[in-house]
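A.B. asks: Here's a sequence, model it:
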Amino acid sequence: MNRSCVFSVVLVLFVSQSAMAANQVVFAGAPTTAPGAITVSGSCVPDAGWTWSGVAMNVFPVGGGEAKSQLGAAKPMNMWGPITINGLPAGSYAVTVSCTFTKPAAGGMPAQSITIVGPLQIVTVP
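C.D. replies: Numbering: from 1, shown residues only. Model prediction:
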């Protein structure tokens, strides 16, 4: 690999890392459970110049099984939710939420888009 190619890979990695560090996905407390269901709420916190355009909740059965996803709706003040996934068998689940952040083209830089996954939460569905 030549030096310019290595520099390009490092530059792209640096830009992606800086975008990920600046934009955040935050849960509003722990996910709540009910028989057959998991519900979450929270916020997508964009860095200056960024906006967020979408949010999805993802649940994965611990120990294997069918994963499920549900899109959520945006609310004022960068809030989202509640998002609920129903029809889940009893058991333990890993819960994540992902937000898509966008930044318009400016100053000769192209438009940017990145999806960031929030912290992993483990819950038990009764």
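
A.B. asks: ranges for the helices of the protein?
C.D. replies: Counting by DSSP state H, residue ranges of the helices within the chain are 3-22.

A.B. asks: Show me which positions of the strand ranked longest in it end up buried.
C.D. replies: Counting by DSSP state E, the longest strand found in the chain is strand 91-103. Buried positions in strand 91-103, judged by neighbour count with 16 or more other C-beta atoms under 10 Å: 93, 95, 96, 97, 98, 99, 100, 101, 103. The way it works is simple: take the backbone N, C-alpha and C, and place the C-beta from them, glycine included.

A.B. asks: Closest one of these to residue 44?
C.D. replies: Lowest distance from residue 44 to the buried residues of strand 91-103 (C-beta to C-beta) belongs to residue 99, with 3.7 Å.

A.B. asks: Identify the residue nearest the geometric centre of the protein.
C.D. replies: Closest residue to the average C-alpha location of the chain: residue 98 at 1.5 Å, with C-alpha atoms, centre = their mean.

A.B. asks: If we ignore the residues flanking it in sequence, what's nearest that one?
C.D. replies: If the residues on either side of it in the chain are set aside, residue 98 comes closest to residue 117, at 4.6 Å by C-beta to C-beta, 6 or more residues apart in numbering.

A.B. asks: Residue 48 and residue 22, how far apart?
C.D. replies: 8 Å (C-beta to C-beta, to the nearest Å).

A.B. asks: Which of those two has more residues huddled nearby?
C.D. replies: Residue environment comparison for residue 48 versus residue 22 gives the larger neighbour count to residue 22, 17 against 6, counting by other C-beta atoms under 10 Å.

A.B. asks: and the more buried one, what is it in contact with?
C.D. replies: Contact partners of residue 22, counting by C-beta atoms under 8 Å, 6 or more residues apart in numbering, are 47, 50.

A.B. asks: can you check residue 44 too?
C.D. replies: Counting by C-beta under 8 Å, 6+ apart, the residues that residue 44 touches are 23, 24, 25, 26, 52, 55, 78, 80, 99, 101.
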